[in-house]
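Undergrad: Sequence first, then the predicted structure:
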Amino acid sequence: MGHGVLSETVDAISELHLHGVPLVVTSPTPNDVAGKRVVAQFEEEGIAVETVVIKEASFASVQRVIEVAREVDAGYLVGVGGGKAIDIAKMASDEIKRGFVSIPTAASHDGIVSGRGSVPEKNTRHSVAAEPPLAVVADTEILADAPWRLTTAGCADIISNYTAVKDWRLANRLQNVEYSGYSAALAEMTAEMLVDNAESIKPGLEESAWVVTKALVSSGVAMSIAGSSRPASGAEHLFSHQLDRIAPGAALHGHQVGVGSIITEYLHGGNWQGIRDALATIGAPTTADGLEIDGKTVVEALTTAHEIRDRYTILGNGMNEAAAIEAATTTNVI
Ligand SMILES: NC(=O)C1=CN([C@@H]2O[C@H](COP(=O)(O)OP(=O)(O)OC[C@H]3O[C@@H](n4cnc5c(N)ncnc54)[C@H](OP(=O)(O)O)[C@@H]3O)[C@@H](O)[C@H]2O)C=CC1
Ligand SMILES: O=C(CO)COP(=O)(O)O
Ligand SMILES: [Zn+2]
């Protein structure tokens, strides 16, 4: 991790003693921002390299990458992008039993090193087991240059660890769900460190991209230790996944989980104002308006979020409409 380290990608990969053709897995903007530069580096070193550009996080995208990897007999995969491209590279590499290298172009999500992939399918959302990357190349120059809203989304994804861990403990007590105190402590400490530094996380400061990316890595490690996304994904994530279905493309993943976290912290009887203030300090949305989603959609997502996957949370068997309106209005989300 550091300023300009993208130019050291091929050197870093050579230390891993990987063999065969590298396959760069990316999406349109990250390809322009970094993917093409990575390809040029391989070519300058006389290494044949292939690229596949995906547009969405879906099993069809994973399948397409697997097919291209088989066609070109890829030795390893290089995921370049936001959460979407990295998830797809991670899952495809796991399926074909080839290593993968993670090159984030945005500090927008904590899947950079996690051993999970997150993919929607019809009415559900899968959290798929995959191997974490063999290496990460995080260029803070690129990360700091990305639109600021991507960084505030990453911050919100980390702040949501507070409620994710509360849901995890609840599920452990009520449903005997497997729980790791070490992983939970790491996830909470990561959120704590970020909130403590919230005042110093500002646009235009490369150091901010550094602090946020380190926290995203730490949160991903917590998921790898847990062997599940539990330390970083609770009811606030179910709410966000449901928004992705009802209002696709409206807002960033991290921003949605942040707003979800305000509401689920309220449901836990906790300090929801603290979560809201931390998000506001960083410049992440705290309301439905901020997500560019209407109140009706928020209520629909809240009342149906528990259905999206079999993950016990504070939502229990579901909120009714009156309770959802009460929670969303009390917290000023709607
Ligand atoms: N596996 C895990 O543990 C986790 C997975 N996730 C998953 O990650 C995804 C969310 O991640 P997120 O990064 O928000 O989603 P995307 O990968 O969709 O990226 C968000 C947007 O940012 C653009 N972008 C990326 N880098 C840059 C850049 N440097 N400059 C300008 N634009 C850029 C993307 O462009 P383009 O549209 O061209 O790609 C996209 O439009 C979700 O699918 C979520 O479920 C989230 C957390 C953890
Ligand atoms: O986004 C995640 C953690 O931040 C994990 O996603 P899932 O909710 O799909 O497990
Ligand atoms: Zn998340």
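TA: Arrived safely, thanks for sending. Ligands and ions are numbered 1, 2, ... in the order given.

Undergrad: What residue, apart from its backbone neighbours, is nearest the residue of the stretch 1-150 of the chain found nearest ligand 1 spatially?
TA: Nearest residue of the stretch 1-150 of the chain to ligand 1, counting by C-beta to the nearest ligand atom: Gly83, 1.9 Å away. Just so you know, the C-beta spots here come from the backbone N, C-alpha and C atoms, and that holds for glycine as well. With C-beta to C-beta, 6 or more residues apart in numbering as the measure, His109 is the residue that lies nearest to Gly83, at 3.6 Å, once sequence neighbours are left out.

Undergrad: Quick check: longest strand in the protein by residues?
TA: Ranked by number of residues, the top strand in the chain under DSSP state E is strand 74-81.

Undergrad: partners of that strand, with directions?
TA: Sheet pairing here is set by DSSP bridges, and for strand 74-81 it gives strand 21-26 (parallel), strand 100-104 (parallel).

Undergrad: How about exporting the longest one as CSV, limited to the C-alpha atoms?
TA: In this case it means strand 21-26. Taking Å, rounded to 0.1, in the frame of the first residue of the first chain, the C-alpha atoms of strand 21-26 are listed here in CSV:
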residue,chain,number,x,y,z
VAL,A,21,-1.1,-16.0,-18.2
PRO,A,22,-2.4,-13.3,-15.8
LEU,A,23,-6.1,-12.5,-16.4
VAL,A,24,-7.1,-9.0,-15.4
VAL,A,25,-10.7,-9.0,-14.2
THR,A,26,-12.1,-5.5,-14.1
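
Undergrad: ok, which stretches of the stretch 51-200 of the chain are helices?
TA: Counting by DSSP state H, counting those that start in this stretch, the stretch 51-200 of the chain forms helices over residues 59-71, 83-96, 140-145, 148-159, 161-175, 181-196, given from the N-terminal end onward.

Undergrad: Make CSV out of those helices and add distance to ligand 2 and mean pLDDT.
TA: Shown next, in CSV, are the helices of the stretch 51-200 of the chain (distance: least, C-beta to the nearest ligand atom, whole Å; pLDDT from 0 to 100):
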stretch, distance to ligand 2, mean pLDDT
helix 59-71, 13, 98
helix 83-96, 7, 98
helix 140-145, 17, 98
helix 148-159, 5, 98
helix 161-175, 7, 98
helix 181-196, 10, 97
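
Undergrad: What are the boundaries of the helices in the stretch 201-334 of the chain?
TA: Taking DSSP H, counting those that start in this stretch, the helices of the stretch 201-334 of the chain run over residues 206-226, 235-246, 253-267, 272-282, 288-291, 295-304, 321-330.

Undergrad: Quickly compare those helices and say which is most buried.
TA: By mean neighbour count, with neighbours taken as mean count of other C-beta atoms under 10 Å, helix 253-267 ranks first of the helices of the stretch 201-334 of the chain at a mean of 28.

Undergrad: isn't Thr51 right up against Pro22?
TA: No - under the criterion of C-beta atoms under 8 Å, Thr51 makes no contact with Pro22, lying 9.5 Å away.

Undergrad: the more surrounded of these two?
TA: When neighbours are counted by other C-beta atoms under 10 Å, Pro22 comes out ahead of the other of Thr51 and Pro22, with 26 against 18.

Undergrad: got the contact list for the more buried one?
TA: Pro22 makes contact with 13, 42, 47, 49-50, 74-78, according to C-beta atoms under 8 Å, 6 or more residues apart in numbering.

Undergrad: again, 10 Å this time
TA: 9-10, 13, 38-39, 42, 47-51, 72, 74-78, 98, 100-101 (C-beta atoms under 10 Å, 6 or more residues apart in numbering).
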